[in-house]
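Asks: return a 3D structure for these sequence lines:
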Amino acid sequence: MTTFSYPLSVKRVNPGATGVGAKTGSVPLYMSAIVSVGMTGTAVGATTIPLFVAPAGSRAVKGFIDVVTGFDNTANTNISLGVSGSAGRIMAATTANTAGRTDAAPSAAMVSANARVFTADTTIEAVVSITTSTVSAGQLIAYVVLI
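Replies: Residues are numbered from 1 along each chain as shown. Below you'll find the model as predicted:
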């Protein structure tokens, strides 16, 4: 079995090339997880759900969600993506009541926070907040892109 350490570097070798001719790049890692009512519970409140572990040496560059089935309460069900102690680091709270894709619109503070690499394996979390009434249905896929 081959093991990899992150960040994974890919090199295109040009025989005899050095400097500019020796190209290198990073391979993005797309991580995804399904979040549903079965994980959030149906009552009003906030639930923190561990999604996956970002490897040490990586950093988050993008977050987005695909709402497959909108959460069906009368107010808002919001989701944010982040890490422990910084719930909206990757994606600020956004509604999950309507089916479709929502991309993160990062603030300057989010860009600055995500510019730093994770020094240790770090759990990426979703915080789902049901604001007023109970829910009985809802499912989304949360994505985070790491480099």
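
Asks: after the longest helix along the chain comes which helix or strand?
Replies: What stands out as the longest helix in the chain, according to DSSP state H, is helix 108-114. Using DSSP states H and E, the next helix or strand after helix 108-114 towards the C-terminus is strand 122-130.

Asks: neighbouring strands - and their directions - for that next one?
Replies: strand 45-54 (antiparallel), strand 77-83 (antiparallel) (DSSP bridges).

Asks: mean neighbour count, those strands: which tops it?
Replies: When neighbours are counted by mean count of other C-beta atoms under 10 Å, the highest per-stretch mean among the strands paired with strand 122-130 falls to strand 77-83, a mean of 23. The way it works is simple: take the backbone N, C-alpha and C, and place the C-beta from them, glycine included.

Asks: taking strand 45-54 as reference, get the angle to the helix or strand that it is followed by.
Replies: Using DSSP H and E, the next helix or strand after strand 77-83 towards the C-terminus is strand 86-95. For strand 86-95 against strand 45-54, the angle by axes from the mean of the first three to the mean of the last three C-alpha atoms, to 10 degrees is 120 degrees.

Asks: same for the helix or strand following strand 86-95, what does it pack against?
Replies: Downstream of strand 86-95, the next assigned helix or strand under DSSP H and E is strand 100-103. Packing partners of strand 100-103 (3 or more C-beta pairs under 8 Å, 6 or more residues apart in numbering; DSSP states H and E): strand 60-69.

Asks: show me the contacts for the residue lying closest to Arg59 once chain neighbours are set aside.
Replies: Closest residue to Arg59 apart from its sequence neighbours, by C-beta to C-beta, 6 or more residues apart in numbering: Val117 at 4.6 Å. Val117 sits next to 56-59 when contact means C-beta atoms under 8 Å, 6 or more residues apart in numbering.

Asks: at 10 Å what do you get?
Replies: Contact analysis of Val117 by C-beta atoms under 10 Å, 6 or more residues apart in numbering lists 6-7, 54-60, 146-147.
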